[in-house]
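Participant: For reference, the sequence and a predicted model appear below.
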Amino acid sequence: MEIILVRPQLPENIGTTARAMLNCNLHDLRLVNPRCGWPNRAAYPATSGADVILDNATCFASVKDSIADLQYVLATTARNRELLKPILSLDVAIDELLAHAVKGEKCGILFGPERTGLENSDLEFANAFLVVDLNPDFSSLNVAQAVLLVAYTIFSKQHMGNSEQKFNLGYNHFVAKSDIDLFLTKLEKMMNNGRFFKNEAMRHKAIENLRNLFFRSAITDKELRTLYGLLKK
């Protein structure tokens, strides 16, 4: 289970995130373009001993790179978004996440920067949004607090032992996000060659809509082969 911090601003928050993760037996931390640079020794004092999480953390230049090998991705958000994706409560979102994980799929959860949260360009890679119901007049969370809420929910559900019984009802292998990205690159090239785009503004919006559609979907390897066959014809 990958915890992905997108453009974190303070090294101390990376350290407290590591502490929250190890509290809940999560070990895989990914960082996307941290403002403080990485590695950064200033993050270590805040771990209270969870140094192993930071020692093994991986750093990426973009959200796209950070989720390339994943097959199911949740994005945390506290605001209404114009993107059309499922909006799941914490409990339902973690059930869905574990449903994919018990089938051997690689999963991840995106957390945005402290001041602004995730941008729409980050959210397009997610299958669904995770929203925590808090006081509507004050719903702001520190990033490590948000990670702890989500991580504890994962931990508690795994130890209840219910997820596999409820959701492992059949096996479908979903493709990684990088496979979807390759397909979309080919599709855009064919649309361009077919003179689909009337202008650059249309290109941008059409591609944005397609990326939102395909990254939102959980696509199996068989379905992707069918789509490639469709393009070939």
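Facilitator: Nice, thanks for sending it over. Numbering: from 1, shown residues only.

Participant: domain parsing for the chain?
Facilitator: When the chain is parsed with automatic domain parsing, its domains come out as 2-166, 177-232.

Participant: most tightly surrounded among those domains?
Facilitator: domain 2-166 (a mean of 18; mean count of other CB atoms under 10 Å). For the C-beta atoms, the positions are set from N, CA and C on the backbone; glycine is no exception.

Participant: related to what we said a few turns ago, save the domains of the chain as CSV, and put in mean pLDDT too.
Facilitator: Below are the domains of the chain laid out as CSV (pLDDT from 0 to 100):
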stretch, mean pLDDT
domain 2-166, 92
domain 177-232, 91
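
Participant: so Ile109 makes contact with Tyr72?
Facilitator: No. Counting by CB atoms under 8 Å, Ile109 stays clear of Tyr72, with 9.8 Å between them.

Participant: Give me the nearest residue to Ile53, chain neighbours excluded.
Facilitator: Ala18 (3.7 Å; CB to CB, 6 or more residues apart in numbering).

Participant: Would you report the backbone torsion angles of the one you found?
Facilitator: As for Ala18, its main-chain torsions (degrees, to the nearest 10) stand at phi -60, psi -40.

Participant: hang on, isn't it packed against Ala43?
Facilitator: Yes. With contacts counted by CB under 8 Å, Ala18 reaches Ala43, the gap being 7.4 Å.

Participant: before we move on, the earlier item: which residues are common contacts for Ile109 and Tyr72?
Facilitator: Leu97 (CB atoms under 8 Å, 6 or more residues apart in numbering).

Participant: okay but Asp179 is in contact with Leu224, surely?
Facilitator: Yes. At 6.3 Å, Asp179 counts as touching Leu224 under the criterion of CB under 8 Å.

Participant: where exactly do the strands run in the protein?
Facilitator: 2-6, 28-32, 58-60, 72-76, 87-89, 107-111, 128-131 (DSSP state E).

Participant: so can I have JSON lines of the ones you listed showing distance to Glu208?
Facilitator: What follows is those, written out as JSON lines (distance: least, CB to CB, whole Å):
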{"stretch": "strand 2-6", "distance to Glu208": "18"}
{"stretch": "strand 28-32", "distance to Glu208": "20"}
{"stretch": "strand 58-60", "distance to Glu208": "21"}
{"stretch": "strand 72-76", "distance to Glu208": "16"}
{"stretch": "strand 87-89", "distance to Glu208": "19"}
{"stretch": "strand 107-111", "distance to Glu208": "18"}
{"stretch": "strand 128-131", "distance to Glu208": "17"}
